[in-house]
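Trainee: Give the three-dimensional model of this entry:
(one chain, ligands or ions: 1)
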Amino acid sequence: MIDKSNEWYLEDLSENIRRTFKTKRENGQFIGSFAPYGYLKDPTNKNHLVIDSVASEIVKEIFEMYSNGIGRLTIARKLNDRKIPCPYEYKKSIGCKWVPGSTLINRRNSKFGGNFWYDTTVGDILKNETYIGNLVQGKTTYVSYKNKTPIKKDRKDWIIVAEAHEPIVSEELFKKCTELRSTRARGQKFGGKIHILSGKIFCAEYGERMNRYTATASAAMANRYEYARCVRVLKFSKTACKNFYSISLKTLESMLIEKINSLLSRHVKGELIDIEKVDDTKKKRKALEIEKKKISVDKAKKESHLTSLYEDKLEGNITIEQFKIFNKKIDGEIQKMNDRIEMIEKEIEMLNAKTEKKNNRDEILKKYVKVENLNRSIIDEFVESIYIGCITENKQREVTVNFKI
Ligand SMILES: [Zn+2]
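Mentor: This next block holds a predicted model:
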């Protein structure tokens, strides 16, 4: 079926006709062949919109729900549960002919049939200024007379006429929803909806990140199908990394909860041996400090020995050859002592870092007895990185968790 309005638009591009329609649009006259959901074409003036008393109630409800923090998907579910006909079905039921390209008609429904509200159906309504009485037209143009591919125009080039018809929602409510939409969109990009394991999961093959992706078999089920997959596979192809299978984030989460809890219980039982031996660390440090002191004393002796050797040479007690031999020997000994002192200092530094890490670990472990649910701050405190290996022949998959503590 060919869209009549588009057809003439393409076939008759004479400046004259174009201007006529542009003028009509600029005068706030509706020239589409299909009124947006919530409106009907005025029977007395086909260039004017009037409120559809039935559908407009749904539109109002959608804006109200959204402004109260209910998401687009939940709104769609609620409408489906109540068996409210989606815009496409509704228009069909009141005798409108479906016109491709019209706004507010769900593309999926038109393609596949069926009566279903989607999050996109709700989203389209929420961003349509028609509902505050503005007539927005001329949003798209065509590549050329011959090429019918529609191109979206910049908003500044749209023809927007305020108060062209009766509004369904107040400007205030519309604005509130617009703000909410932009906050939510930002949240998805920069934090709000970022998965708690984001940035922590890596592919064991090349050490590349594993990114989240959602299997969208059904929009309504989106949350239940969250996976991580090697970015090589996600961005390029299945052959880009042999570790191409995805891993369920839910599975990973429950595995992490288990590992963290086992860490916590080992802490309680005092089984975290490497860090529990505080006394050992103290003893080691003390021994190292004593050794360093002793070496320093020895070193001072050697240095004074070197001085007296030089005096002996000056007084002629030893020959130049003898001096050279002794000098070389003592010099070498002093050098060895310097090396050892340097090594001791490094070891002490390492022990201090270990103690600090242990104190930090105690601090974190003290906060938790048992972890039931994960959140980003728990992940940040406990987990450095998670490496996911390939699935082996016997269906095993190695998951290595590097803990921070
Ligand atoms: Zn990989």
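
Trainee: Tell me the helices and strands packed up against whichever helix in the chain runs longest.
Mentor: Across the chain, the helix with the greatest residue count (assigned by DSSP state H) is helix 320-367. Helices and strands touching helix 320-367, by 3 or more Cβ pairs under 8 Å, 6 or more residues apart in numbering; DSSP states H and E, are helix 249-268, helix 273-276, helix 278-315. Yep, even glycine has a C-beta here, placed from its N, CA and C like the rest.

Trainee: Quick check: phi and psi on Thr392?
Mentor: When read as degrees, to the nearest 10, the backbone of Thr392 gives phi -80, psi 180.

Trainee: what do you get for Ala162?
Mentor: phi -80, psi 150.

Trainee: A helix includes Tyr66, no?
Mentor: Yes: assessed by DSSP: H, G, I helix; E, B strand; the rest coil, Tyr66 belongs to a helix.

Trainee: In space, what's closest to it - neighbours in sequence excluded?
Mentor: Cys177 (5.1 Å; Cβ to Cβ, 6 or more residues apart in numbering).

Trainee: Is my assumption valid that the one you found occupies a position in a strand?
Mentor: No: Cys177 is assigned helix when assessed by three-state DSSP, not a strand.

Trainee: Tell me, how many residues neighbour it?
Mentor: By other Cβ atoms under 10 Å, 21 other residues sit near Cys177.

Trainee: Was I right to think it contacts Ser67?
Mentor: Yes: counting by Cβ atoms under 8 Å, Cys177 does reach Ser67; the two are 5.4 Å apart.

Trainee: ok, Ala228 - contacts?
Mentor: 197, 201, 210-213, 246-247, 249, 252, 388 (Cβ atoms under 8 Å, 6 or more residues apart in numbering).

Trainee: ok, 6 Å please
Mentor: Counting by Cβ atoms under 6 Å, 6 or more residues apart in numbering, Ala228 touches 201, 210, 212, 247, 249.

Trainee: how about the CA coordinates for the helix or strand hosting it, as PDB?
Mentor: Using DSSP states H and E, Ala228 sits in strand 226-230. Provided in PDB are the C-alpha atoms of strand 226-230 (Å, rounded to 0.1, in the frame of the first residue of the first chain):
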ATOM      1  CA  GLU A 226      21.500  -9.900  30.900                       C
ATOM      2  CA  TYR A 227      24.800 -11.300  29.800                       C
ATOM      3  CA  ALA A 228      28.400 -10.400  29.600                       C
ATOM      4  CA  ARG A 229      30.300 -11.200  26.500                       C
ATOM      5  CA  CYS A 230      33.900 -10.600  25.300                       C
END
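
Trainee: quick one: low-confidence parts of the stretch 51-200 of the chain?
Mentor: 97-115, 142-150, 183-194 (pLDDT under 70).

Trainee: ok, so what distance separates Leu126 from the ion?
Mentor: 39 Å (Cβ to the ion, to the nearest Å).

Trainee: ok so, going back, just curious, which of the contacts of Ala228 is nearest to Cys241?
Mentor: Comparing the contacts of Ala228 against Cys241 with Cβ to Cβ places Met210 closest, at 9.9 Å.

Trainee: how about the residues of the stretch 101-250 of the chain near the ion?
Mentor: 203, 205, 230, 232, 241, 243 (Cβ under 5 Å from the ion).
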